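> Predicted model and sequence below, questions to follow.
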Amino acid sequence: MKLLTKTLVYFIITSLIVFLMGGLLFYGILKHTFYQQTDDGLLTEKNIIEEEIQHNQEIPDYSERFGHEIEVIVYRHPVKKAFVLKDTAIYDTSLMQVAFYRFLKVAQNKNKRGYTITILHPLSGRHLLFANVVDVMLIMFLVIMFISILINYVISRKLWLPFYETIRKISNYELKDKALMEFSETSTFEFKQLNSVLDKMSRKIRQDFFNLKEFTENASHEIQTPLAIAKSKLEILIQSENLSKSQLDLIQSVDESITRLSKLNSGLLLISKIDNNQYSEFKAIKINSLIERSLVILEEFIKAKELAVTVNLNGILERNLNPVLADILINNLINNAIKHNFEGGFITIELTSSKLTISNSGEPMAEDPNDLFSRFKKSNKSSDSLGLGLAIVKKICNFHGLLISYINQGKIHTITINFRK
Amino acid sequence: MKILIIEDEKALADSIEHYLNQERYLCERVESFIKAQEKINLYHYDCIIVDIGLPDGNGLNIIRELKANKSVAGIVIISARNSLNDRIEGLDIGADDYLTKPFHLSELNARVKSVIRRRSFEGNNEIVCNEIRIFPESLNVEVNSRPIVLTKKEYDLLLYFISNKNRLVTKESIAEHLWGDNMDLADSYDFIYTHIKNLRRKLIKEGANDYIQTIYGIGYKFNVEV
């Protein structure tokens, strides 16, 4: 639920309660005032009548005055004193309905003679009042609802605009991008604060990210030197006379490990360099010639495995690519197709003006094909491989915005690179 | 033949010096940019091995200085950075070769020899090893003055062996020499075996000695002294 909708719901619930209570209170006050006024009127009337009774010996006709129904009875004997002020209902026979009245009855004695005064005041106005209060309250409530929804809409369109803008920027941001996240100016304090905190945070993360990348690269370089030393020492050691076969085997095994480590290191270095945008020079590269060259370089390995290579160049594929990376890309792919092939298997390379497809025979994938391009994922078949080749391929494709996909149908593996236009 | 080794890593410089000394080269070594500057201004060297990443300066500037002084010394760069740009820049300003760390000493030795050879004979030279005669210009090989036909790989292999004669050369260094970055393809050792078998057969067929000795399956030795 949107924050604004949420606040709106709370607002509506609260205002409903407030209006209900306000209405009740308002009604109560009105009723109180109304009764006070009615009672005041009744009492004043009573006083006037009493005064008149006291001054004039005879009793005037008070059947009705000021819209009140009045009944005055004078007795020749004293009566029991009484004072009643209350609501009452009287069945009106002419109208055939019950009517509500305010009822005042006073019994008093004067000079040993009693009299009673009864005054009735119709209360029909009270129901009208109640109906009016409910109406007014309802209308007010609807008006306020309408206004708040309207304001809400305007607010979400205007006031929250910088917020949504910020959200959009964050979700579109990539750390690798050269540019910093730039937030638009806003006059709202909270959004200003949010933007400044995000700005600070993203700068910090970026800084850390690039520091780490730089560290990785520097570390990779630094590692090569001790490896070079170790390698050179082994090579001198191996020249010594009288080394036994087992000693030489040990040395060779160490030497191979060093080579492996060094290659692993340069593979990771390559990936980190791509990440660091260090291959930003682009040239128009013809994939056709890269394939032809790669096949010449790898000819010996193809022959040794007696692979049948079919090349269908159905068009010229030329794109702006980094020359070094393009070279590595094609070489790694063909290398891979040779390495994971059977003796006497096949490789089919198909090229159109926008797509490169390399199929090769080989053992079916044991693991999830989605992991194929992950680092250090490799089939156990050629465990002497580093498991970086296809990760590098994927990296290079991502870097150039090329789509790469892999399909495994039994013993046929197909990698397709869509160069798009 | 005098060689100057400019390398700040003492242990690595030790190894290089040790290996090249056995090739009867006269080696001198410095570990800083300043000292390297002194040396190149005072003495003449046939070949200079320079590390680009020196603590007090960029090795490329040494090369620039050598070129400004019209030095004829061959220059081999050794660098921990395997970057194409560095390589291109190094070769552009006049270095003869570029080797990325870690490298095999046998590979460095072969490169140094080749650089010196090219420098001193301006290419019109031949390499003679007893009855074998190699003409690097035309890539031809003669045994007992009779030409033999070698494939490119066999030729490279022969030259590599003769550059490192009487040394144990590991299969790995041969694979790297012949195939470079593609050597991690499985079975490249089997190819070496095939190439060596063919090379040996061609040499012996024309009456050359059987110089190539297999050492326990870890490498080979081109044994001239036997």
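That came through, no problem.
> could you pull out the strands for the stretch 301-421 of chain A?
Remark: strands assigned in the stretch 301-421 of chain A by DSSP state E, counting those that start in this stretch are A:308-313, A:318-321, A:346-351, A:355-361, A:403-409, A:412-418.
> I'd like those strands laid out as JSON lines, including mean pLDDT.
Conversion of those to JSON lines gives the following (pLDDT from 0 to 100):
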{"stretch": "strand A:308-313", "mean pLDDT": "92"}
{"stretch": "strand A:318-321", "mean pLDDT": "91"}
{"stretch": "strand A:346-351", "mean pLDDT": "94"}
{"stretch": "strand A:355-361", "mean pLDDT": "93"}
{"stretch": "strand A:403-409", "mean pLDDT": "89"}
{"stretch": "strand A:412-418", "mean pLDDT": "92"}
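> would you turn the ones you listed into JSON lines with distance to chain B?
C-beta here means a position set from N, CA and C on the backbone, and glycine is covered the same way. Conversion of the strands of the stretch 301-421 of chain A to JSON lines gives the following (distance: least, C-beta to the nearest C-beta, whole Å):
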{"stretch": "strand A:308-313", "distance to chain B": "15"}
{"stretch": "strand A:318-321", "distance to chain B": "14"}
{"stretch": "strand A:346-351", "distance to chain B": "14"}
{"stretch": "strand A:355-361", "distance to chain B": "14"}
{"stretch": "strand A:403-409", "distance to chain B": "21"}
{"stretch": "strand A:412-418", "distance to chain B": "17"}
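> Take those and lay them out in TSV including mean neighbour count.
Converted to TSV, these look like this (neighbours: other C-beta atoms under 10 Å in any protein chain shown):
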stretch	mean neighbour count
strand A:308-313	13
strand A:318-321	16
strand A:346-351	19
strand A:355-361	20
strand A:403-409	14
strand A:412-418	18
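> Who are the contact partners of residue B:127?
Residues in contact with residue B:127 (C-beta atoms under 8 Å, 6 or more residues apart in numbering or on different chains) are B:117, B:133-134, B:136, B:159, B:162.
> now with 7 Å?
Contacts for residue B:127 were tallied using C-beta atoms under 7 Å, 6 or more residues apart in numbering or on different chains; they are B:134, B:136, B:162.
> hmm, back to that, tell me which of the strands of the stretch 301-421 of chain A lies nearest to residue A:191.
Taking C-beta to C-beta, strand A:403-409 is the member of the strands of the stretch 301-421 of chain A nearest to residue A:191, at 38.2 Å.
> quick one: strands adjacent to the closest one?
Strand A:403-409 has the following sheet partners, assigned by DSSP bridges: strand A:412-418 (antiparallel).
> Out of the contacts of residue B:127, show me where the pLDDT dips lowest.
Of all these, residue B:136 carries the smallest pLDDT score, 84.
> At the geometric centre of chain A, which residue do we find?
residue A:167 (8.5 Å; C-alpha atoms, centre = their mean).
> Assign it to helix, strand or coil.
Secondary structure state of residue A:167, per DSSP: H, G, I helix; E, B strand; the rest coil, is helix.
> just residue A:24 next, same as before
Relying on three-state DSSP, one would call residue A:24 helix.
> What is the neighbour count of the residue nearest to residue A:272 when sequence neighbours are not counted?
Spatial nearest neighbour of residue A:272, chain neighbours left out: residue A:216 (4.7 Å); criterion: C-beta to C-beta, 6 or more residues apart in numbering or on different chains. Residue A:216 is surrounded by 17 other residues when neighbours are defined as other C-beta atoms under 10 Å in any protein chain shown.
> Point out the residues in chain B that sit beside chain A.
Neighbours of chain A within chain B, by C-beta under 7 Å from any C-beta of the partner chain: B:9, B:11-12, B:15-16, B:18-19, B:80-82, B:84, B:101-106, B:167-168, B:170, B:172, B:182, B:184-187, B:191, B:216, B:218.
> Would you mind pulling up the elements that whatever helix or strand residue A:267 lives in packs against?
Assigned by DSSP states H and E, residue A:267 belongs to helix A:245-275. Contacting helix A:245-275 under the criterion 3 or more C-beta pairs under 7 Å, 6 or more residues apart in numbering or on different chains; DSSP states H and E are the following elements: helix A:189-238, helix A:389-400, helix B:171-179.
> Need the contact partners of the helix or strand just after that helix.
Per DSSP H and E, helix A:245-275 leads on to strand A:283-286 as the next helix or strand towards the C-terminus. Defining contact as C-beta under 7 Å, 6+ apart, one finds that strand A:283-286 is touched by A:316, A:318-321, A:323, A:326.
> can you tell me which of the contacts of residue B:127 are in strands?
Using DSSP state E, the subset of the contacts of residue B:127 located in strands is residue B:134.
> Out of the contacts of residue B:127, the closest to chain A would be?
Top of the list for closeness to chain A, among the contacts of residue B:127 and by C-beta to the nearest C-beta, is residue B:162 at 16.7 Å.
> can I see the domain layout of chain A?
Per the record's domain assignment (automatic domain parsing), chain A is made up of the domains A:3-154, A:218-275, A:283-418.
> weakest of the ones you listed by average pLDDT?
Comparing those by mean pLDDT, the weakest confidence falls on domain A:3-154, with a mean of 81.
> That domain spans what distance, first to last residue?
Distance between the two ends of domain A:3-154: 14 Å, counting by C-alpha to C-alpha, to the nearest Å.
> so how far is that domain off the chain centroid?
Remark: domain A:3-154 is offset 57 Å from the chain centroid, using C-alpha atoms, centre = their mean, to the nearest Å.
> Select the longest strand from chain A.
Under DSSP E, chain A gives strand A:97-110 as its longest strand.
> Would you mind checking the residues of chain B next to chain A for buried ones?
B:9, B:12, B:15-16, B:18-19, B:80-82, B:101-106, B:167-168, B:170, B:172, B:182, B:184-186, B:191, B:218 (16 or more other C-beta atoms under 10 Å in any protein chain shown).
> quick one, strands of the stretch 1-150 of chain A?
Using DSSP E, counting those that start in this stretch, strands in the stretch 1-150 of chain A cover A:64-65, A:68-74, A:82-92, A:97-110, A:113-122.
> Show me which positions of the last one end up buried.
I take that to be strand A:113-122. By neighbour count with 16+ other C-beta under 10 Å, strand A:113-122 contains the buried residues A:114-115, A:117-121.
> With the longest one instead?
For strand A:97-110, a neighbour-count test (16+ other C-beta under 10 Å) marks A:100-108 as buried.
> Closest one of the residues you listed to residue A:333?
Minimum separation from residue A:333 among the buried residues of strand A:97-110 (C-beta to C-beta) is found for residue A:100, which lies at 97.7 Å.
> Lovely, talk soon.
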